[in-house]
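**Student:** with the input below, show me the fold.
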Amino acid sequence: MSIDSESLDAVDGEDKTLIDSNDEGSIEKPELPKEPQQQDIKHNDNGKKHLDYEYPLKYTPISNRPVRKYKHRKFKSLFKPRQSYLDFERLMMGKNEFRGFFILFWVGLGFKTLITLYEFWKVNGSLISFEMISMVGEHGIDMLKSDLAMVLSTFTFVFFQKFIVYGIVPLKYASQLQHVIQAIWYLFYLVYCYTRPWGWIQKLYFVLHLTANLMKSYSYNSYNINLHYRLIRYHALQNQSLVDIHISNDLLTERDDLFLELTTEHGGFFPSNLTFTNFIDFQLVPSLVYEIKFPRTEKFRLWYFMERLCSGIIAATFLFLTIQHSVMPVFDKLPQQSFIDSFLELIIPFMICWLLMFFLLFDCITNFFAEITCFADRQFYSDWWNSPTYDAFARDWNKPVHQFLLRHCYQESMTNLMLSKQEAMLLTFFISSLVHELVVLMLGGKFRFYLFGMQMFQIPLIYISSLKMFKGYELAGNCFFWFGMYIGPPLMTVGYLREIYV
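**Tutor:** Predicted coordinates:
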């Protein structure tokens with residue numbers, strides 16, 4: 001997963017505040033919440049009205065000195081209420097012209113599955129092989145216990161934020177300490193996973209879940225550390241407004257904006273969000289990026305929840321049968337087959353598996369947890385199948401990871417490391433590619449850098465596609481994109497497996 005050049009160009013990296021360049025995720029400024037601490041309305045020299053507030057929390061004002069004016073960047077939320085692109089209710093209500101093709105795909109896949117099961121039954125006398133089931137079940141309990149311990153260990157980051165509030169951890173060192181703690185935490189569980197006698201299925205699940213929890217906890221800590229600085233600025237402005245009747249309109253506007261940014265979903269005020277309940281909610285919300293308030297639906301819909309659950313079971317069943325009957329037999333024949341024979345046999349099964357995994361993860365599992373938490377933004381992907389370039393695909397097919405990389409890798413590298421846009425883009429691609437290769441290392445135990453190289457190869461492809469001579473050829477670009485999607489995954493898989501097992 002990577003970020004796209006279109007989003008990168010939209011970011012100005014001069015300010016060291018938490019910002020986002022996604023205009024699609026911006027929200028209109030809501031009205032100020034009515035708090036019991038609200039006092040009289042104050043008029044400034046321009047005749048505009050501003051609300052005065054008492055300190056919502058017992059924070060000591062820093063001083064009575066005049067507060068310096070600086071360019072304040074308001075935080076833009078990444079999220080707003082949206083439906084999933086392949087939500088069948090959306091397709092039917094919108095009378096989408098291609099909704100029949102959606103049904104055609106599932107009906108065709110169902111017939112293909114029935115034919116495969118029938119042919120397997122004729123040869124073996126049973127519908128399924130228990131080989132893969134035994135692979136999933138072997139050491140499964142041990143892996144689930146380890147996974148639960150890993151998830152529970154992330155709750156220590158709530159204590160870390162509490163230590164900042166109480167002054168145990170100095171705020172000026174909090175960011176550096178956060179990086180050290182999370183690096184040690186991540187490396188510990190990687191080594192633990194590498195040394196366990198698990199199969200590749202258990203290791204794949206554990207490493208992916210571990211990496212997702214790393215991104216979630218990093219975003220949680222980084223965002224809240226930023227809010228600590230915003231809270232200090234808010235109280236400085238509030239203190240200034242109480243002692244200076246001639247405070248400028250810009251500073252009062254900034255204070256009101258900060259008040260809104262520090263207000264939680266339920267009308268509280270930062271750091272009242274630093275609770276275990278809030279962290280559990282964030283763990284369940286299908287987002288890798290933390291915010292103090294998320295858009296919510298009005299109520300939990302049981303029928304939609306059951307629909308996503310049934311869709312997930314059906315997709316997982318099709319995926320299991322495709323892997324068992326079309327992929328595993330090719331793996332077993334690798335030592336006897338040539339590279340090209342194995343590659344050709346895997347092209348179609350890998351595409352089917354890839355589409356099923358996409359639908360299972362980004363339309364079933366994400367919407368399943370979104371409904372549990374009443375999370376209103378269901379756009380976990382866009383129309384990536386129409387992508388004319390690989391940077392458009394990177395932006396659209398996996399929005400949760402894209403949002404994390406954009407905010408916490410690209411933007412933070414520009415603000416904290418003072419990198420240029422091109423250097424920040426290169427670093428982001430490098431980190432993303434390295435994590436992908438790390439997952440392969442956990443599965444096979446060897447570094448071969450095939451996946452790393454193909455990920456980094458996107459950079460020159462993005463540059464070439466941005467040239468003027470290639471503009472306006474979206475049909476050719478989409479054909480090239482699908483050609484790469486068909487040959488890329490089986491090519492890399494056969495390469496890795498022949499290195500490991502042949």
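
**Student:** check contacts around Glu138.
**Tutor:** Trp198, Gly199, Gln202 (C-beta atoms under 8 Å, 6 or more residues apart in numbering). All C-beta atoms are positioned from the backbone trio N, CA, C, and that covers glycine.

**Student:** which of those lies closest to Pro81?
**Tutor:** The closest of the contacts of Glu138 to Pro81 turns out to be Gln202 (C-beta to C-beta; 37.0 Å).

**Student:** quick check on the closest one: phi, psi?
**Tutor:** Torsion angles at Gln202 (phi, psi; degrees, to the nearest 10) stand at phi -60, psi -40.

**Student:** run the chain-centre distance for stretch 491-501.
**Tutor:** Its chain's C-alpha centre and that of stretch 491-501 lie 28 Å apart, by C-alpha atoms, centre = their mean, to the nearest Å.

**Student:** any idea how far Thr373 is from Gln283?
**Tutor:** To Thr373, Gln283 is 10 Å away according to C-beta to C-beta, to the nearest Å.

**Student:** err, Leu237, not the other one
**Tutor:** Going from Leu237 to Thr373 by C-beta to C-beta gives 34 Å.

**Student:** now Phe206
**Tutor:** Counting by C-beta to C-beta, the separation of Phe206 from Thr373 is 23 Å.

**Student:** same deal with Asp383?
**Tutor:** Distance of Asp383 to Thr373, computed by C-beta to C-beta: 25 Å.

**Student:** then Leu356?
**Tutor:** 25 Å.

**Student:** Met454 now?
**Tutor:** For Met454, the distance to Thr373 - C-beta to C-beta - is 35 Å.

**Student:** cool, and Met418?
**Tutor:** Taken as C-beta to C-beta, the span from Met418 to Thr373 is 37 Å.

**Student:** what do you get for Val169?
**Tutor:** Distance, Val169 to Thr373, using C-beta to C-beta: 29 Å.

**Student:** over to Thr366?
**Tutor:** For Thr366 relative to Thr373 (C-beta to C-beta), the value is 11 Å.

**Student:** those two: which has the busier surroundings?
**Tutor:** Each of Thr366 and Thr373 has its neighbours counted (other C-beta atoms under 10 Å); Thr366 has more, 22 against 19.

**Student:** excluding its backbone neighbours, what's nearest that one?
**Tutor:** Leaving aside its sequence neighbours, Thr366 sits nearest to Pro286 (C-beta to C-beta, 6 or more residues apart in numbering; 4.1 Å).

**Student:** in a strand, that neighbour, correct?
**Tutor:** No - the assignment for Pro286, made by DSSP: H, G, I helix; E, B strand; the rest coil, is coil rather than a strand.

**Student:** need phi/psi at it.
**Tutor:** Torsion angles, degrees, to the nearest 10, at Pro286: phi -80, psi 60.

**Student:** overlap in contacts, Thr366 and Thr373.
**Tutor:** Listed contacts common to Thr366 and Thr373 are Pro286; contacts here mean C-beta under 8 Å, 6+ apart.

**Student:** before we move on, back to that, now for the residue nearest to Thr366: which residues touch it?
**Tutor:** Going by C-beta under 8 Å, 6+ apart, Pro286 touches Ile365, Thr366, Asn367, Phe369, Ala370, Thr373, Phe375, Phe380, Pro400.

**Student:** and these, which is closest to Val191?
**Tutor:** Distance to Val191 across the contacts of Pro286 (C-beta to C-beta) is lowest for Pro400, with 26.3 Å.

**Student:** now the closest residue in space to the closest one that isn't next to it in sequence: how far from Val180?
**Tutor:** For Pro400, ignoring the flanking residues on the chain, the nearest one in space by C-beta to C-beta, 6+ apart is Leu288 at 4.7 Å. According to C-beta to C-beta, Leu288 stands 21 Å off from Val180.

**Student:** out of these two, which sits in the more crowded spot?
**Tutor:** Between Leu288 and Val180, Leu288 has the larger neighbour count (other C-beta under 10 Å), namely 23 against 9.

**Student:** correct me, but that one touches Gln403?
**Tutor:** Yes - in terms of C-beta atoms under 8 Å, Leu288 counts as a neighbour of Gln403; the distance is 6.9 Å.

**Student:** count the neighbours of Ile462 for me.
**Tutor:** A count of neighbours around Ile462, defined by other C-beta under 10 Å, yields 21.

**Student:** average pLDDT for whichever strand or helix holds it?
**Tutor:** Here Ile462 sits within helix 458-465, counting by DSSP states H and E. The pLDDT scores in helix 458-465 average 79.

**Student:** give me the buried positions along that helix.
**Tutor:** Gln458, Ile459, Ile462, Ser465 (16 or more other C-beta atoms under 10 Å).

**Student:** residue contacts, the first one?
**Tutor:** So the one you mean is Gln458. By C-beta under 8 Å, 6+ apart, Gln458 lies in contact with Ser2, Tyr390, Asp391, Ala394, Phe429.
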